[in-house]
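**Q** Sharing a model that was predicted from the sequence below.
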Amino acid sequence: MNYTPHTEEDIKKMLKSIGVSCVEELFDVIPQELRAQSFELPESMSEQGVSKEIERLLSLNGSGIRNFAGGGFYDHYIPSAVDFLSSRSEFYTPYTPYQSECSQGTLQALYEYQSAICRLTGMDVSNASVYDGGTAAAEAVLMALNITRNRRKIIIDSGVNPLYREIIHTYTENLNIEIVEVDSINYRADRKKLKGLTDKDTAAVLLQNPNFFGAVDDYTDIVAAAAENGALSILLFYPVSLGVLKTPGEMGFDIAAGEGQSLGIPLSFGGPYLGILAACKKYLRKLPGRIAGAAQDSNGRRGYVLSMQAREQHIRREKATSNICTNQNLMALRALLYMVLTGKSGFVNVSKKNLMAAAKLKETIAALKTEIEIPFYGPVYNEFVIKLPVDARAAVKKMLQQKILAGVPLGDFYPGRQNELLVCATESSSDEDFKLYTDALENLLKL
């Protein structure tokens, strides 16, 4: 790529203006023995490789923390084009869509985002997003209650992100419903208990894949058991994992919700993020939030509209599914750009890299001659649990002094698991990162 805007003709004119015949003459004042004979430039690198090398050089100044924490929010590589395109004034400055006459460019981007989410999840319809993953989970529960009407029980697997479970409890605190949380067995869903609790009063069964512990599962049988009792099934998913794992649609889920931060959105100290919400076609009119649609005007020209806004809270008031009247359109745009830029094969490749990164780190830790235990050896994605011989929260604090964020202490969310640590690795993690992490773990346990 040529980084100068000047043509050969421009250069000739400039050289003529200063009285030299070629660019090389400009360096005649430098003695020949002081000139570099070869720059020994390295082999070409990808954008991600260059970014990683720059980060390495910056780390020599003593800055930078190696991040091995996940728990629903992940350190993924974001192509530079996502930042550049989403920052263009055409997208960056318009107000979040509320009025039907909002810009065609924004509406088209939301329409394309919805289409991409449907392809990613295997679901029929998607809204234009809600606020974040926790909001999406809670809205999915309210949606299920609205669809099933007189059913008042929601069953939730304890492998669902505890932050999301807390949000659901807050959302439904003043509703006359029963929320039943079922403890996981060996870090996976207790199938027998989940099926046994599902009855004619159950509005929905809520599951997560991969779950909070990183464990991967196929819930097709639980979905079928819920359907037999007339209950809906809701899956909380991790978008990047769908490059290799079964989609919510393939497992037969009625509603799919998730956090879209992993799709080109930086961690940013906790937000803004993106709530993804999709469903089967028959529940289209119960789907909360905005839905952009494509239409034709009287002259046959294609246009984009907020096609399903008539059932929203600002129109239907207390009869609406939700109080959400807007969306995270800038974050949805970033997610769309990320998916478009990576493409189908690229997305699968990124998904596989995340799968392999966690597996490699898990194997490396298991090989250490320490008292660390790996309590779950089933399939995991992105993250996994390790059991330390010391308090996990104390271990995280000590390793942070070495600029390593060691993971998420499970004792903060699950009583009795004070020594368990949720460790995460993504495609942004390198072999050097893994070595620094395992060395720090070994040094910690020697103290």
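**A** Yep, it's here. Residues are numbered from 1 along each chain as shown.
**Q** What are the boundaries of the strands in the chain?
**A** Secondary structure of the chain (DSSP state E): strands located at 66-67, 125-126, 153-157, 178-182, 202-209, 232-237, 255-259, 275-279, 292-296, 302-306, 383-387, 404-405, 408-409, 420-424.
**Q** so can I have CSV of those strands showing distance to Arg35, mean pLDDT and mean neighbour count?
**A** In this view, the C-beta of every residue, glycine as well, is placed from N, C-alpha and C. Output for the strands of the chain, formatted as CSV (distance: least, C-beta to C-beta, whole Å; pLDDT from 0 to 100; neighbours: other C-beta atoms under 10 Å):
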stretch, distance to Arg35, mean pLDDT, mean neighbour count
strand 66-67, 41, 92, 20
strand 125-126, 60, 97, 22
strand 153-157, 68, 98, 24
strand 178-182, 72, 98, 16
strand 202-209, 61, 98, 26
strand 232-237, 58, 98, 28
strand 255-259, 55, 98, 29
strand 275-279, 57, 98, 28
strand 292-296, 60, 91, 15
strand 302-306, 59, 87, 16
strand 383-387, 53, 97, 25
strand 404-405, 44, 94, 18
strand 408-409, 55, 98, 24
strand 420-424, 49, 98, 24
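**Q** Let me have those in TSV, adding distance to Ala332 as columns.
**A** Shown next, in TSV, are those (distance: least, C-beta to C-beta, whole Å):
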stretch	distance to Ala332
strand 66-67	25
strand 125-126	10
strand 153-157	27
strand 178-182	29
strand 202-209	22
strand 232-237	16
strand 255-259	13
strand 275-279	9
strand 292-296	10
strand 302-306	14
strand 383-387	25
strand 404-405	28
strand 408-409	27
strand 420-424	25
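**Q** for the chain, which helix is longest?
**A** Ordering each helix of the chain by length in residues (DSSP state H) puts helix 329-366 first.
**Q** If you count neighbours, what's buried in it?
**A** 329-342, 347, 350-351, 353-355, 357-359, 361-362, 364-365 (16 or more other C-beta atoms under 10 Å).
**Q** ok, back up a step: please name whichever of the strands of the chain is nearest to Met143.
**A** strand 255-259 (6.3 Å; C-beta to C-beta).
**Q** I'd like to know which elements that closest one is packed against.
**A** helix 133-148, strand 232-237, strand 275-279 (3 or more C-beta pairs under 8 Å, 6 or more residues apart in numbering; DSSP states H and E).
**Q** Give me the domain ranges for the protein.
**A** Domains of the chain are assigned by automatic domain parsing as 47-77+344-446, 80-338.
**Q** Neighbours of Thr93, how many?
**A** Using other C-beta atoms under 10 Å, the number of residues around Thr93 comes to 9.
**Q** any idea how far Lys353 is from it?
**A** Per C-beta to C-beta, to the nearest Å, Thr93 is found 35 Å from Lys353.
**Q** Tabulate the helices and strands packed on strand 255-259 (JSON lines), appending distance to Ala225.
**A** Formatted as JSON lines, those follow (distance: least, C-beta to C-beta, whole Å):
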{"stretch": "helix 133-148", "distance to Ala225": "16"}
{"stretch": "strand 232-237", "distance to Ala225": "9"}
{"stretch": "strand 275-279", "distance to Ala225": "20"}
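**Q** Show the contacting residues for Ser87.
**A** With C-beta atoms under 8 Å, 6 or more residues apart in numbering as the criterion, no residue contacts Ser87.
**Q** same thing with Thr426?
**A** Contact analysis of Thr426 by C-beta under 8 Å, 6+ apart lists Tyr74, Asp75, His76, Lys353, Asn354, Ala357, Asn382.
**Q** of all those residues, which comes closest to Pro248?
**A** The closest of these, once distances to Pro248 are taken by C-beta to C-beta, is Asn382, at 17.4 Å.
**Q** distance of the closest one from Ser428?
**A** 11 Å.
**Q** how long is stretch 409-417 end to end?
**A** For stretch 409-417, the first and last residues are 8 Å from each other (C-alpha to C-alpha, to the nearest Å).
**Q** actually stretch 178-196, sorry about that
**A** End-to-end for stretch 178-196, by C-alpha to C-alpha: 16 Å.
**Q** Low-confidence ranges, the stretch 251-400 of the chain, go.
**A** Within the stretch 251-400 of the chain, the stretches with pLDDT under 70 are 309-318.
**Q** ok, for Phe212, nearest residue in space, not its chain neighbours?
**A** Using C-beta to C-beta, 6 or more residues apart in numbering and skipping residues adjacent in sequence, the residue nearest Phe212 is Asn161, 5.1 Å away.
**Q** give the contact list for the one you found.
**A** Counted by C-beta under 8 Å, 6+ apart, Asn161 has contacts Gly71, Gly72, Gly133, Gly134, Ala137, Gln208, Phe212, Leu236.
**Q** circling back to that earlier point, between Asn382 and Ser428, who's got more neighbours?
**A** Shown here are Asn382 and Ser428; by other C-beta under 10 Å, Asn382 has more neighbours (25 against 20).
**Q** if we can go back for a sec, of all the helices and strands packed on strand 255-259, which lies closest to Ser322?
**A** helix 133-148 (5.7 Å).
**Q** got the angle for that closest one vs strand 178-182?
**A** Interaxial angle, helix 133-148 versus strand 178-182 (axes from the mean of the first three to the mean of the last three C-alpha atoms, to 10 degrees): 120 degrees.
**Q** So which elements touch helix 133-148?
**A** By 3+ C-beta pairs under 8 Å, 6+ apart, helix 133-148 packs against strand 153-157, helix 162-171, strand 202-209, strand 232-237, strand 255-259, strand 275-279.
**Q** Dump these into TSV; add distance to Leu400 as well.
**A** Formatted as TSV, the helices and strands packed on helix 133-148 follow (distance: least, C-beta to C-beta, whole Å):
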stretch	distance to Leu400
strand 153-157	31
helix 162-171	21
strand 202-209	28
strand 232-237	29
strand 255-259	24
strand 275-279	30
